[in-house]
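**Student:** Have a look; sequence and predicted model below, questions after that.
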Amino acid sequence: MAITPEPAPVFVRVHTRVKNEKARPEAVWKQPRKWANFALVFDCETTTDLNQNLTFLWWRFCELKDGVYVSQQEGVVYGDDLDKEAVGLIREHAASEKADVEEGCPETIRVQSRTQFVNREFWKAIRLGAVIVCFNAPFDLSRLGLEYR
């Protein structure tokens, strides 16, 4: 039995314009912003076993100023299940350093658990429309999540 091709209807949506018609001011499209006003940048460090659980991550929240992202806040996040001794070392290191931020911004390096970071800085950045920058995004983002549905 031979298969006979049949014509199929094709529907195309197009935007038409009358030839030589001048554009009305309200019909002029505005160029969208090329860059987000804010950026949340972070990188995770994990255990070396097969689970690769989060040990800590370092983050910066930046604002776009004159075409350059300028650090406004800096912090370190420890894994929720990290032992107290390791958390103590992270806190000690953060207290001994100053954040590399724009003048007038807090120079204290924030120290938080993974849960606190996700519930505060991460969601705040998303609500602000910040670009989220990771050095290996699928992996780093998966270290922040605890479950999925």
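**Tutor:** Ah, there it is. Numbering: from 1, shown residues only.
**Student:** Show me the strands in this structure, by range?
**Tutor:** 38-46, 54-65, 68-78, 110-113, 131-134 (DSSP state E).
**Student:** any chance of these in TSV, with distance to residue 10 too?
**Tutor:** C-beta coordinates here come from the backbone N, C-alpha and C atoms, glycine included. Shown next, in TSV, are the strands of the chain (distance: least, C-beta to C-beta, whole Å):
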stretch	distance to residue 10
strand 38-46	43
strand 54-65	44
strand 68-78	46
strand 110-113	55
strand 131-134	38
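**Student:** any chance of those strands in TSV, with mean neighbour count and distance to residue 84 too?
**Tutor:** Shown next, in TSV, are those (neighbours: other C-beta atoms under 10 Å; distance: least, C-beta to C-beta, whole Å):
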stretch	mean neighbour count	distance to residue 84
strand 38-46	19	18
strand 54-65	19	14
strand 68-78	19	10
strand 110-113	17	12
strand 131-134	16	28
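**Student:** Rank the helices and strands of the chain by mean pLDDT and give me the bottom one.
**Tutor:** Ranked by mean pLDDT, DSSP states H and E, the weakest helix or strand in the chain is helix 137-144, scoring a mean of 88.
**Student:** For beta bridges, what are the partners of the most centrally placed residue in the chain?
**Tutor:** In the chain, the residue lying closest to the centroid (C-alpha atoms, centre = their mean) is residue 132, at 1.4 Å. As for beta bridges, residue 132 partners with residue 40 under DSSP bridges.
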